[in-house]
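> coords below, sequence missing:
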């Protein structure tokens, strides 16, 4: 049934339908209503789950690590600085192959303090081994959360999944959401049974020391599993569609790319704004399109090459930075064409940092810039008057 | 597509106002995206909430710069702050004030309704929280929504204790503008 829901509350609802046995969070600022909503469900007796209040995000991540190692389905949510405080544990969770699901409300990083949206927080942890899914809408974030558990808990995968949704734009926004029925979620996502767990009757050790003779293989194994995830997601998306009768996030989404001369590549909610711009420009006979990256880790190189190789020019829109280097998504997209004989002209744009609004005009301007020479890293809408040279 | 911009200060219930309005449109079958934008993250700082609605799913995620409708919840924002920036030529504004003289900058093609929402709220709710009165006024000013849709939406949003008084405030705001328009 469709309801008019806030993003955070919609996530709280879908997580409750996914029935995690352990939830832990530390509502550091900036936070969202996600864990607030879940705490309410538990307090009201609507969700049977161990809700663990802790003293920091580091502990929150540690509690879900422990909960998962003990064989429970677990959930946590965080944002920005909170995610960074978790960082050490985030790597441990992946290294220990624990199927943790976390929703990240994407927000900028200090300093300076900024509570608004961009992708710097989760992008900074892209190398941790976690699978990362990015949502365009609240609906996609809801659906990606169910999907996340199926990916994470698959016996051949056993890796954590981050569902990334834009802070404020999606977490604090409201829109119509088709909330799945409880029985459908149960059908798609049965109760979790851990293959290996900490059990006093059958003791095992997890997260041990691996000396130079062993460590490299643990990383190689995760790399290989990420390749398997690329094969699994389309299958799960199809299964999702059969149960819930709508498409959910897959690896990528193409929007008017088939005959497009110019394509923007982007992630998250800005893709909605780009779709709007594409429709308006198409009505004026401009051959433009969008390639939305839904699965960022593992990175779907093959699909990306297939879609982009037909275009004349491509703009990659980063809402994150790798200071001292080109934008992270730009670097990934260009590397997809390394060693390929045919590549489109690829330009990189950094936009929307710290909540700087991305408007239709911003998108038109980016498409227009593709007429010129390709630049790898252009910051959009920079206020020259705020820069040192000007002062 | 229609776009509504709400001007308020953080803590004055602008988000709730946007949610109630969005829910009312949603009940009437519209696609709605309602969202806030905070300035400084503290009480009293000027902030906006937005409602964007359409017959098709709303995908545009930017803020609203050229609103069809304006709701000004706090009239002190009319001083030294341009609430009318980008306001469309045929736009309709509903302003919570009992001092009409504050609102300069309304063009002839635009309409502004000055509604003493806080006075209405003091009488009905017992607190100067004029949001629901202003929403009632909005319905009367725009003919966009059925009053019933708004009242159902208010009922859904508030706990029982303050439900009736808010519905009464909305009705009085509605009647206030109806009277002006019938003149």
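Sure, I can see it. For clarity, every value in this text was computed on a predicted model and none was experimentally measured. Numbers count the residues shown, from 1 in each chain, chains lettered A, B, ... in the order given.
> Tell me which other helices or strands the helix or strand hosting residue B:180 touches.
Element membership of residue B:180, judged by DSSP states H and E, is helix B:160-182. In terms of contacts (3 or more C-beta pairs under 8 Å, 6 or more residues apart in numbering or on different chains; DSSP states H and E), helix B:160-182 is packed against strand B:111-115, helix B:117-124, helix B:131-142, helix B:147-157. The way it works is simple: take the backbone N, C-alpha and C, and place the C-beta from them, glycine included.
> what residues does it touch?
Contact with helix B:160-182 is made by B:94, B:113, B:115-117, B:120-121, B:123-126, B:130, B:132-141, B:147, B:150-151, B:154-155, B:158, as judged by C-beta atoms under 8 Å, 6 or more residues apart in numbering or on different chains.
> quick one: which of the helices and strands packed on helix B:160-182 is nearest chain A?
Ranking the helices and strands packed on helix B:160-182 by proximity to chain A (C-beta to the nearest C-beta) places helix B:147-157 first, at 9.0 Å.
> Give me the buried positions along that closest one.
Residues B:147, B:149-154, B:157 are the ones in helix B:147-157 that count as buried (16 or more other C-beta atoms under 10 Å in any protein chain shown).
> now those residues in TSV, with pLDDT and distance to residue A:181?
TSV is the format used below for those (pLDDT from 0 to 100; distance: C-beta to C-beta, whole Å):
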residue	pLDDT	distance to residue A:181
B:147	98	33
B:149	98	26
B:150	98	29
B:151	98	29
B:152	98	24
B:153	98	24
B:154	98	28
B:157	95	24
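> Quickly name whichever of these is closest to residue B:84.
Ranked by distance to residue B:84 (C-beta to C-beta), the buried residues of helix B:147-157 are led by residue B:150 at 24.4 Å.
> for the closest one, what are its contacts?
Residues in contact with residue B:150 (C-beta under 8 Å, 6+ apart) are B:20-21, B:24, B:135-136, B:139, B:170.
> at 10 Å instead, please
Contact partners of residue B:150, counting by C-beta atoms under 10 Å, 6 or more residues apart in numbering or on different chains, are B:20-21, B:23-25, B:27-28, B:132, B:135-136, B:138-139, B:167, B:170-171, B:173-174.
> try residue B:88
Residue B:88 makes contact with B:2-3, B:66-70, B:107, B:109-110 under the criterion C-beta under 10 Å, 6+ apart.
> go with 6 Å
Residues near residue B:88 by C-beta atoms under 6 Å, 6 or more residues apart in numbering or on different chains: B:66, B:68.
> Now it. Its backbone dihedrals?
phi -70, psi 150 (degrees, to the nearest 10).
> quick revisit: out of the buried residues of helix B:147-157, name the two that are farthest from one another.
Spanning the widest gap among the buried residues of helix B:147-157 are B:147 and B:157, at 15.6 Å by C-beta to C-beta.
> Okay, now the unreliable bits of chain A?
Counting by pLDDT under 70, chain A contains low-confidence residues at A:29-30, A:391.
> Buried ones in the longest helix along it, by neighbour count?
In chain A, with assignment by DSSP state H, the single longest helix is helix A:215-244. By 16+ other C-beta under 10 Å, the buried positions in helix A:215-244 come out as A:222, A:225-226, A:229-230, A:232-233, A:236-237, A:240, A:243-244.
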